[in-house]
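Asker: Here is the input, now give the coordinates:
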Amino acid sequence: MLHPTVRLIVWGAIAAFIQWLPATGLSLMCAAALAAGVRLAPQRLQLLLKRTRWLILSLVLLFAVATPGVYLLPSLGSFGPTEEGARLGFGHLMRLVFVLATLAVLLQITGMEDLVAGLHGLIRPLSWLGLDRGRVAVRLMLAMHYVEQSPPGRRWREWLQGNVAEGEPVRLRLQTSPLGLADFAVLAGLTLAGAVLIGAPS
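Answerer: Numbering: from 1, shown residues only. Have a look, this model is predicted:
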């Protein structure tokens, strides 16, 4: 399997690439992502969709109502949705669902320690500016550990006030590993694909 850092880079590259796909390709990619999410990470996908349901609804309504075009409900006047707005909103809806579905799969196949290790490698350039990425990664691991171990119903105000139950000392270990040949091959492929896309005539 790919290095966690490379997995994060691949996910980010795909999430960026999906923004420029036409409607047909976007529909196919969204359907494939949803199928993968339902198959590999149904609970995570359901949770992500549930937590973003109001964002999804507001996104579709905003584009449908605020985009000029032919009114679908002329009786509502300027308060009604337009055909162009509905099409634009549906396109952004598919992009958001694609990102959420692929994120659910990424989180499912990448455990907490691997995820933090991936972020540790991803922020490596910032270490040249003096950032202690090891400390950042460990703090992130601690935060994720307490979130996972917290009892249901704990409110965010309790976290801000520092009301965390004391217990045995937490021992976490940040495991890092070098990139393999497959990782370098994937990064080279992404770099080449990005150069081709940037250099392609619009």
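Asker: Touching stretch 80-99 from outside, list them.
Answerer: 15, 18-19, 23, 26-27, 29-30, 33-34, 49, 52, 55-56, 59-74 (C-beta atoms under 8 Å, 6 or more residues apart in numbering). For glycine as for every other residue, the C-beta is placed from the backbone atoms N, C-alpha and C.
Asker: Among those residues, which lie within helices?
Answerer: Mapping those onto helices (DSSP state H) picks out 15, 23, 26-27, 29-30, 33-34, 49, 55-56, 59-66.
Asker: Measure how the longest helix seen in the chain sits relative to helix 53-66, angle-wise.
Answerer: Longest helix in the chain, counting residues (DSSP H): helix 83-109. Note on geometry: by axes from the mean of the first three to the mean of the last three C-alpha atoms, to 10 degrees, helix 83-109 and helix 53-66 are set 160 degrees apart in direction.
Asker: what's the spacing between helix 83-109 and its chain's center?
Answerer: Mean-position distance between helix 83-109 and its chain equals 10 Å (C-alpha atoms, centre = their mean, to the nearest Å).
Asker: Quick check: mean pLDDT of it?
Answerer: Averaging pLDDT along helix 83-109 yields 92.
Asker: relative orientation of the helix or strand following it and helix 83-109 in degrees?
Answerer: Downstream of helix 83-109, the next assigned helix or strand under DSSP states H and E is helix 112-122. Per the same axes, to 10 degrees, the angle that helix 112-122 makes with helix 83-109 is 110 degrees.
Asker: can you dump the C-alpha coordinates of helix 112-122 into CSV?
Answerer: In CSV, the C-alpha atoms belonging to helix 112-122 read as follows (Å, rounded to 0.1, in the frame of the first residue of the first chain):
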residue,chain,number,x,y,z
MET,A,112,-5.1,7.4,13.1
GLU,A,113,-1.3,6.7,13.4
ASP,A,114,-0.9,6.4,9.6
LEU,A,115,-2.9,9.6,9.1
VAL,A,116,-0.8,11.6,11.5
ALA,A,117,2.4,10.1,9.9
GLY,A,118,1.1,11.2,6.5
LEU,A,119,0.5,14.7,7.8
HIS,A,120,4.0,14.6,9.4
GLY,A,121,5.5,14.0,6.0
LEU,A,122,3.2,16.4,4.2
